[in-house]
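Asker: coords please:
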Amino acid sequence: MFGSLAGQLEERAAADRPVRVGLVGAGRFGTSVAAQLGRMRGLRLVAVADVRRSNAEAALEAAGWAAADVQTTDSAAVVRERVHAGRAVIVAAADLLAGAPLDVVVEATGRPEVSARVIPGLLRAGIHVVNVTVESDVLLGALFRRQAESAGVVYSLADGDQPICTKRLYDWAVGLGYRVIAAGRGTRRYPTDRALTPAEVFARWGVDEEHVQRRRLNAQMYNSFVDGSKAQIESTAIANMTGLVPDVRGMHEPSVAVGDLPNMLRRREDGGILGAEGVVELANAVAPDGKSLLPDHIANGVWAVVTTEQPLLREDLAFYHLPVSADGRAAVLSRAYHLCGIETPWSVVEAALGGYASGAPGRVPFADVIAVAKRDLRAGEALDGSGGATVYGLIERAEVARAEGLLPLGLADGVTVREAVPMGTPITYGMVAPDPDSVAYRLRREQDALW
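Answerer: Numbering: from 1, shown residues only. The predicted structure follows:
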């Protein structure tokens, strides 16, 4: 697969006809994407949209552009002209990119409301979209996929992030005829992390100010990793791509080392902790004592516990030194790393030259991320979304979230609660006053109506 696409990239490079790429959001992740695009033959980053011009300039510099060769504009005509000529351009308004002759746009703002405003216009314009903002995918991904299909283009999540890395393991196993008992990503969450706020997170994790400024880290986004919301969000993306569902709300998230995954993440009748097979899960690197890390953890990686009824294949999996369960019936496939930003251009290539998504949700969601009160909330208090000080996210089966009227985490930003909400309480639509100007809210209602 990659070899064939690499050959096509070489052909594009030799013909001086590179895939023209746009970027929306030039923060930490987006700048890494830009840097990697700048090292690849046959791809060219030519347009960056960011409300902070300095961010866009840094991304284009990372991609290899000299400052003298970059123009900032708010003119749609200038954007079209420069992209057509393969010259770099910066805009503040991302919707200007929809009128440019771009092949693929990478959306990396991390903000569901921005994604909701930008992605549909790009798809309607016939531009492939690679969505880094997993927060918007779990909120609106089924709708984005339908919009892409209607426009004859590709909507995809981004390689290098754990959902696609997990899906590649899943697809490999299922394609070979193995049954996936459970699959997911690693995480590292200590018992007190759930309550952390953006104001505390860098000090709590020892991230110095120089690194924060140099890599332009967003405290709230960083906190969504630490308080566990991001792991729940990404697990929901995995669920919606594969059909794996959470065994329980929020998943079990056990402390488990790689070697014990095939023992623990099995059905209870087989000696594990699961009520059923075919689930998405988290493997927590923090030991049961809540203080230390397990020696053989997979905090930054992905995994899949698989089984087969073919005894020779079970024997072979053990022979090739995969960790297997005590009874030899289950084995774990794993990858100890994921490379955010670095691998994302493969999704650009797969969309533009292969005509397919690295991974996208189904037309109907299997799971959702619900908003839960991080502390006691007062009536009239504004929620601040994933990674904020007011709510965190938990995965839930889509049919349960719908039946209970639970508010998606992606809509729990900028809305106020109508009543006091105790800490740990799932927030419902009825508890909040929706923002009538929110495009994300309108599109989510449109997606819900498709069911």
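Asker: Mind listing the residues bridging to residue 187?
Answerer: residue 284 (DSSP bridges).
Asker: Tell me where this structure is predicted with low confidence.
Answerer: 1-3 (pLDDT under 70).
Asker: center of it - which residue?
Answerer: Closest residue to the average C-alpha location of the chain: residue 134 at 3.3 Å, with C-alpha atoms, centre = their mean.
Asker: Contacts for the host helix or strand of residue 167, please.
Answerer: Here residue 167, judged by DSSP states H and E, is contained in helix 162-175. With C-beta atoms under 8 Å, 6 or more residues apart in numbering as the test, helix 162-175 has contacts from 134, 157-159, 180, 183-185, 234, 237-238, 241-242, 244, 301-304, 306, 333-335, 338, 343, 347, 358-359. Placement of C-beta: from N, CA and C, glycine included.
Asker: Break down the stretch 151-300 of the chain into its strands, ranges please.
Answerer: 155-157, 179-187, 245-246, 279-284 (DSSP state E, counting those that start in this stretch).
Asker: possible to save those as CSV with distance to residue 147?
Answerer: Shown next, in CSV, are the strands of the stretch 151-300 of the chain (distance: least, C-beta to C-beta, whole Å):
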stretch, distance to residue 147
strand 155-157, 7
strand 179-187, 27
strand 245-246, 25
strand 279-284, 25
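Asker: so which of these comes closest to residue 447?
Answerer: strand 155-157 (13.3 Å; C-beta to C-beta).
Asker: Spell out which strands sit alongside the closest one in the sheet and which way each one runs.
Answerer: strand 128-131 (parallel).
Asker: Which parts of this protein belong to which domain?
Answerer: 2-160+341-354, 163-189+228-335, 367-449 (automatic domain parsing).
Asker: Packing partners of the helix or strand residue 314 falls within?
Answerer: Assignment of secondary structure by DSSP H and E places residue 314 within helix 311-319. Contacts defined by 3 or more C-beta pairs under 8 Å, 6 or more residues apart in numbering; DSSP states H and E place helix 311-319 against strand 330-335.
Asker: neighbouring contacts of the strand it packs on?
Answerer: 165, 169, 172-173, 181, 258, 261-263, 266, 270, 298, 301-307, 314, 317-318, 322-325.
Asker: Select only the buried ones of the residues you listed in PyMOL?
Answerer: Buried subset of the contacts of strand 330-335, written as a PyMOL selection, criterion 16 or more other C-beta atoms under 10 Å:
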select buried, resi 165+169+173+181+258+261+262+263+266+270+298+301+302+303+304+305+306+307+314+317+322+323+324+325
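Asker: now the helix holding residue 314 against strand 330-335, angle please.
Answerer: 50 degrees (axes from the mean of the first three to the mean of the last three C-alpha atoms, to 10 degrees).
Asker: I'd like the distance from helix 311-319 to the chain centre, please.
Answerer: Distance of helix 311-319 from the chain centroid (C-alpha atoms, centre = their mean, to the nearest Å) equals 34 Å.
Asker: so the nearest residue to residue 152 once chain neighbours are set aside, which of the three states?
Answerer: The spatially closest residue to residue 152, leaving aside those adjacent along the chain, is residue 126, at 7.2 Å (C-beta to C-beta, 6 or more residues apart in numbering). Assigned with DSSP: H, G, I helix; E, B strand; the rest coil, residue 126 falls in the coil class.
Asker: phi, psi of residue 126?
Answerer: Backbone torsions of residue 126, given as degrees, to the nearest 10, read phi 80, psi 30.
Asker: okay, now it: neighbour count?
Answerer: 13 (other C-beta atoms under 10 Å).
Asker: What of residue 192?
Answerer: As a burial measure, residue 192 scores 10 neighbours (other C-beta under 10 Å).
Asker: Next one: it from residue 389, what distance?
Answerer: Separation of residue 192 from residue 389 (C-beta to C-beta, to the nearest Å) stands at 15 Å.
Asker: which residues touch residue 184?
Answerer: Here residue 184 is in contact with 166, 235, 238, 244, 251, 280, 281, 282, 283, 302, 303 (criterion: C-beta under 8 Å, 6+ apart).
Asker: Any idea how many residues pack against the fifth one?
Answerer: By other C-beta under 10 Å, the residues close to residue 251 number 22.
Asker: close enough to count as contact, it and residue 275?
Answerer: No. Residue 251 lies out of contact with residue 275 (C-beta atoms under 8 Å); the separation is 11.8 Å.
Asker: Show the end-to-end separation of stretch 7-22, please.
Answerer: With C-alpha to C-alpha, to the nearest Å as the measure, stretch 7-22 spans 22 Å from end to end.
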